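[1] pasted the sequence and its predicted model underneath.
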Amino acid sequence: IILGAYGSGAAPIFDAADIQSTWTSEVISGSFTAYHSASNSYASDPLQVFQLDGSAVTRLTKTTDKTLLIPATWFYDSTNTRIYVRTTADDAPANHVMEVSARDAGVQAAPINYVTINGLAATRSQINGFVVNGTGGIFENNTSTYNYEYGFEGNASLSSLFQNNTASYNGSTGFDFMGGSTNNYLVTENTSTYNCQLYLDGGVGNSNQGTCAGFRVGGTTGSGTFSYNISSYNQQSNPDSGMGFHVDTNSTSGSYITLQYNIANGNQYDGIEIEQAKNLTVMYNISYNNTGNSTKAAGIEVYRCRGPNLISNNTLYGNSVGINSSGDGTGLDQTNNTFQNNLSFNNSYRSLKATYGGENDGTYGSGNVYTNNGFGPEASDFIQWGASTFESTYAAFDAAYGSSTHSVAGDPKFINAAGGDFALQAGSPAIDAGTNLGSTYQWGLDPRTSFPWGALNQNTQGRGWEIGAFVFVQQIPPNPPTSLSPTVH
């Protein structure tokens, strides 16, 4: 079964909101004029109100009392079961198209088996844009925007392909795969941007908005791959949320999840956060400029994880923290996580932050490995090793670690970090400085290609593996001539 769009026109839009066209003016507290719908027009809180002016869409901000209304806000009057609005221009709402969320979902496809949904758009729902559960589904080329919670929700037993979809301006997570046994899925070449728009909706909304990301996945069992996705500018007023990718499974689960070849940038909190996870592989990702929390937002955070987990060959640039490895200080819950071949550079607060077990204190954590990583030039307190221990040299870091970390110092010499090009220039100390992790993990990013990048075998270039996500293409000089014939003029 295929549900989709055909031809070259605009995608069909499943709009989960209704137009509100009748308004009555009311002077509030003798100081300003607002407009309300008829009494008994909304038996329950509709959750969202929008102002549409041509292609411009404005989600009005909810207030908790009509006396608090300012331009671009709205209020639900539960006593008279009606809504109040003040438009962005503080004029009559009849001058605009006003839409009020009315239905739970734009597209509800659950449970479904072996169904393809292609080229549709869902918007302005009271909960989720697309709800998709089942087995063997294909979801591609769809767009989900301005929904109260998730752009796409897929959980339970899901064995599906999500490809080339876009989620933006949703109240909570763009793509949510939390709960159940989410098995054998591939999430690839999707874009999740400007989500996490609502933080508890001003303190009164759904708690799903409290912890949100561009992409979230979690479950007690299951396996899947996230590759070649972009998660950017997912931000909210909560400084500890708004992540690029968030994997929250179970420390005793059988989940096997791979995150590779993804981009996370400009998010409020971590670019990539791994929480309570086991059997994860996080490789060849680019996570940069995630700085909404000045002391916590990390390129990659591994939090209260009882491994094994492998975090390798990632490039982390311009975040508040490069790598954050930490338990929660309540038990032995940060164990057996391996950090190798990662490149962490120009992060404002710490290049590496290992606390509450991340530093292998034996009480909250042990067995965590930090070798063959590059943390940039030595600098004051650039490595945190424990709650109150800070290292300013690699020698001090090795001493604290208990053996050589084989860390690589210096500027990695990116091609153009400011422009988002993190391939290595000739002479970079990251070239040939990594450790060989075996054929399973040998395919790094090819700098001769653009996103979604091609892959290049680390073992075909140079004497060793690179640190970071990109393989350096060796320039092999031509063989010298074997014979020369002089020419006399």
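    Okay, I see it. Numbers count the residues shown, from 1 in each chain.
[2] ok, now which ones touch residue 52?
    58, 96-99 (CB atoms under 8 Å, 6 or more residues apart in numbering). Any C-beta I mention is one placed from the backbone N, CA and C, and that applies to glycine too.
[3] try it again with 10 Å
    17, 19, 58, 96-99, 124 (CB atoms under 10 Å, 6 or more residues apart in numbering).
[4] name the member of those residues that has the highest neighbour count.
    With neighbours taken as other CB atoms under 10 Å, the top of the contacts of residue 52 is residue 124, carrying 29 neighbours.
[5] so it is in contact with residue 51, correct?
    No. Using CB atoms under 10 Å as the test, residue 124 is too far from residue 51 to be in contact (11.7 Å).
[6] and for these two, which residues touch both?
    By CB under 10 Å, 6+ apart, residue 124 and residue 51 have these common neighbours: 57, 59, 99.
[7] which residues does the second one bridge with?
    Read that as residue 59. Per DSSP bridges, the residues bridged to residue 59 are residue 50.
[8] surely residue 398 forms part of a helix?
    Yes. Looking at residue 398 with DSSP: H, G, I helix; E, B strand; the rest coil, it is inside a helix.
[9] for it, give its distance to residue 406.
    In this structure, residue 398 and residue 406 are separated by 9 Å, where distance is defined by CB to CB, to the nearest Å.
[10] what of residue 299?
    Spatial separation of residue 299 from residue 406 under the definition CB to CB is 20 Å.
[11] and if you look at residue 13?
    Remark: distance between residue 13 and residue 406 (CB to CB) = 54 Å.
[12] and for residue 255?
    For residue 255, the distance to residue 406 - CB to CB - is 30 Å.
[13] of the two, who's got more company?
    The residue with more neighbours, out of residue 255 and residue 406 and counting by other CB under 10 Å, is residue 255; that gives 22 against 15.
[14] burial measure for the closest residue to that one other than its chain neighbours, as a count.
    Once its chain neighbours are removed from consideration, residue 255 has its nearest residue in residue 249; the separation is 4.3 Å (CB to CB, 6 or more residues apart in numbering). If you count neighbours by other CB under 10 Å, residue 249 ends up with 26.
[15] can you check residue 408 too?
    Around residue 408 sit 22 other residues, with neighbours defined as other CB under 10 Å.
[16] which residues are in contact with it?
    Taking CB under 10 Å, 6+ apart, we find residue 408 in contact with 341, 343, 372-376, 394, 428-431, 433-434, 467-468.
[17] which members of those residues are positioned in helices?
    Filtering the contacts of residue 408 for membership in helices, criterion DSSP state H, returns residue 394.
[18] which one (most neighbours) among the contacts of residue 408?
    With neighbours defined as other CB under 10 Å, the most crowded of the contacts of residue 408 is residue 468; it has 34 neighbours.
[19] these two touch, right, residue 336 and residue 325?
    No. Using CB under 10 Å, residue 336 is not in contact with residue 325; the gap is 11.6 Å.
[20] need the residues touching each of these two.
    Taking CB under 10 Å, 6+ apart as the contact criterion, the common neighbours of residue 336 and residue 325 are 305, 365, 368.
[21] buried subset of the residues you listed, written for ChimeraX?
    Typed into ChimeraX, the next command selects the buried ones out of the shared contacts of residue 336 and residue 325 (criterion: 16 or more other CB atoms under 10 Å):
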select :305,365,368
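[22] how about the shared contacts of residue 336 and residue 325 in TSV, adding secondary structure and distance to residue 422?
    Supplementary listing: the shared contacts of residue 336 and residue 325 in TSV, determined by DSSP: H, G, I helix; E, B strand; the rest coil; distance: CB to CB, whole Å:
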residue	secondary structure	distance to residue 422
305	coil	26
365	strand	30
368	coil	25
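[23] that's all I had, so thanks and see you.
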